[in-house]
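[1] Got a sequence here, can you model it:
(one chain, ligands or ions: 2)
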Amino acid sequence: MPPRRLDLPLAISVGDPAGIGPEIIGKAWEARKSADLPPFFAIGDMGSFAPHWNGPVVKIDDPADSFAHFDSALPVIEVHTCLSVIPGEPDLDGAHCAYQALEMAIGFARAGSAAALVTGPVSKTQLYAVGFTHPGQTEFIAERCGVSKNNAVMMLAGPDLRVVPMTTHIPLASVASKLDGRLIRQRLRATAKGLQRNFGIENPRLAVAGFNPHAGESGNMGREEIDIFEPAIAQIRSEGFDVVGPLSADTMFHAEARSHYDAALCAYHDQALIPLKTLYFHDAVNITLGLPVVRTSPDHGTAFGIAGQNIAMPHSMIAAIKMAEMAALNRQAADAA
Ligand SMILES: NC(=O)C1=CN([C@@H]2O[C@H](COP(=O)(O)OP(=O)(O)OC[C@H]3O[C@@H](n4cnc5c(N)ncnc54)[C@H](O)[C@@H]3O)[C@@H](O)[C@H]2O)C=CC1
Ligand SMILES: NCC(=O)COP(=O)(O)O
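    Ligands and ions are numbered 1, 2, ... in the order given. As a prediction, the model looks like this:
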């Protein structure tokens, strides 16, 4: 039986200060008792909370100080002081703040000062504008952790559906050229190991979606399934993993089909995220598998259009905090065994 609680707090990077990050983190803190959340601290700009949320914040310098303050205020480590924060109006100063907060949060997790890393929503457009060269946070965190980007797997996890986009933030037109046997094998292995380590699933069942309509209809609607997917899946099966596919993507997400696998690996971003977000937009979590640290995030973005209106729902952030705790505890238990 794993210990109930972690002995380190969770680090949460605030994300873009003009987005809903400060509000959903504040609301998650308000729910700390009702949702039974572990202690956490935010990393960002102290002044970015007041325009979004009217709860108490306290400045701390050391993650360990979170424990002393968590009951009475949201502990914040200030990484950057923004010139001004206007909800819904992102600027480059705020993007620098989001970038630095992410960097610091990774550092705390890697250094063993935080039990896990939870990232608040960032705008990729804004980050790219200040020199961020990675497709997303997933690849950035992987690089900072010394993990090759093919071995760091983006998984979106909802109550009864987990999906992995095998290609992530690339143009749809380039997906076919990126899908090769090596990538598919790496994603399958990393997903299976990630499910074991983070979710405690001993023998994960994986399902792979085909790329073409009807999984290629025996080669009549595209040959990627025959030439690339089938040999890669056969290789992974021969290594002892439980994998089925390539399956028709249009028929593998209904309720009965979902009960037959622990994760669906999909060819591209929207093939994976449309079913997941349609079913579980406010409950799902983005978790990165294959890292030496635990990293989760809400599944949604910055929602600039509703920032500052006190209508953002914190459920996905709360689920991300709970999943980070669960994954960290599962890893502790696995390491102790
Ligand atoms: N984890 C992350 O950092 C993610 C970041 N993004 C970034 O977010 C930016 C905006 O992307 P969009 O496609 O507009 O997606 P979005 O998730 O920000 O918003 C989509 C729709 O859902 C609503 N929404 C989102 N979160 C909500 C919440 N907690 N409560 C109530 N309503 C909510 C928004 O108001 C909007 O109508 C992009 O720049 C993208 O790069 C997108 C997804 C994940
Ligand atoms: N669509 C998922 C998403 O945008 C999250 O990406 P990342 O920044 O966590 O890599």
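[2] per-residue pLDDT, the residue most central in space within the chain?
    Nearest to the mean C-alpha position of the chain, by CA atoms, centre = their mean, lies residue 286 at 2.6 Å. Here, the pLDDT recorded for residue 286 equals 98.
[3] Tell me the spacing between it and residue 205.
    Here the criterion is CB to CB, to the nearest Å. By it, residue 286 lies 21 Å from residue 205. The C-beta positions use only the backbone N, C-alpha and C, and glycine is treated the same way.
[4] One more: residue 136?
    For residue 136, the distance to residue 205 (CB to CB) stands at 27 Å.
[5] Quick one: classify the residue lying closest to residue 275 once chain neighbours are set aside as helix, strand or coil.
    Excluding the flanking residues, the one nearest residue 275 by CB to CB, 6 or more residues apart in numbering is residue 253, at 4.1 Å. Secondary structure assignment for residue 253 (DSSP: H, G, I helix; E, B strand; the rest coil): coil.
[6] how much space between residue 253 and residue 271?
    10 Å.
[7] What's the first helix or strand after the helix or strand containing residue 246?
    For residue 246, the host element (DSSP states H and E) is strand 242-247. The helix or strand immediately downstream of strand 242-247 is helix 255-258, counting by DSSP H and E.
[8] Please identify the buried residues of that following helix?
    residue 258 (16 or more other CB atoms under 10 Å).
[9] centre of the chain versus the next helix-or-strand element following it, how much separation?
    On the C-terminal side of helix 255-258, the closest following helix or strand by DSSP H and E is strand 263-266. Relative to its chain's centre, strand 263-266 lies at 15 Å (CA atoms, centre = their mean, to the nearest Å).
[10] So strand 263-266, near ligand 2 or not?
    No. Using CB under 6 Å from any ligand atom, strand 263-266 stays clear of ligand 2, coming no nearer than 12.3 Å.
[11] what's the spacing between the closest residue in space to residue 175 that isn't next to it in sequence and residue 253?
    Nearest residue to residue 175 in three dimensions, chain neighbours excluded: residue 268, at 4.6 Å (CB to CB, 6+ apart). Note on residue 268: its distance to residue 253, by CB to CB, is 15 Å.
[12] Am I right that residue 132 is in contact with residue 140?
    Yes. The pair formed by residue 132 and residue 140 meets the contact definition of CB atoms under 8 Å, at 7.1 Å.
[13] Between those two, point out the one with more neighbours.
    residue 140 (22 against 18; other CB atoms under 10 Å).
[14] And the pLDDT at that one?
    On the pLDDT scale, residue 140 gets 97.
[15] What of residue 334?
    90.
[16] isn't it right up against residue 197?
    Yes. Using CB under 8 Å, residue 334 is in contact with residue 197, at 5.9 Å.
[17] Comparing the two, which residue is more hemmed in?
    Comparing residue 334 with residue 197 by other CB under 10 Å, the one with more neighbours is residue 197, at 17 against 13.
[18] Contact partners for that one?
    289, 327, 330-331, 334 (CB atoms under 8 Å, 6 or more residues apart in numbering).
[19] Same check on residue 169?
    Applying CB under 8 Å, 6+ apart, we find residue 169 in contact with 124, 135-136, 269.
[20] Return the member of those nearest to ligand 1.
    residue 124 (3.7 Å; CB to the nearest ligand atom).
[21] From ligand 2, how far off is the spatially closest residue to the closest one that is not a sequence neighbour?
    Counting by CB to CB, 6+ apart, residue 124 lies nearest to residue 136, which is 6.4 Å off, once chain neighbours are set aside. Separation of residue 136 from ligand 2 (CB to the nearest ligand atom, to the nearest Å) stands at 3 Å.
[22] what's residue 136 sitting at in phi/psi?
    Note on residue 136: backbone dihedrals following degrees, to the nearest 10 are phi -160, psi -180.
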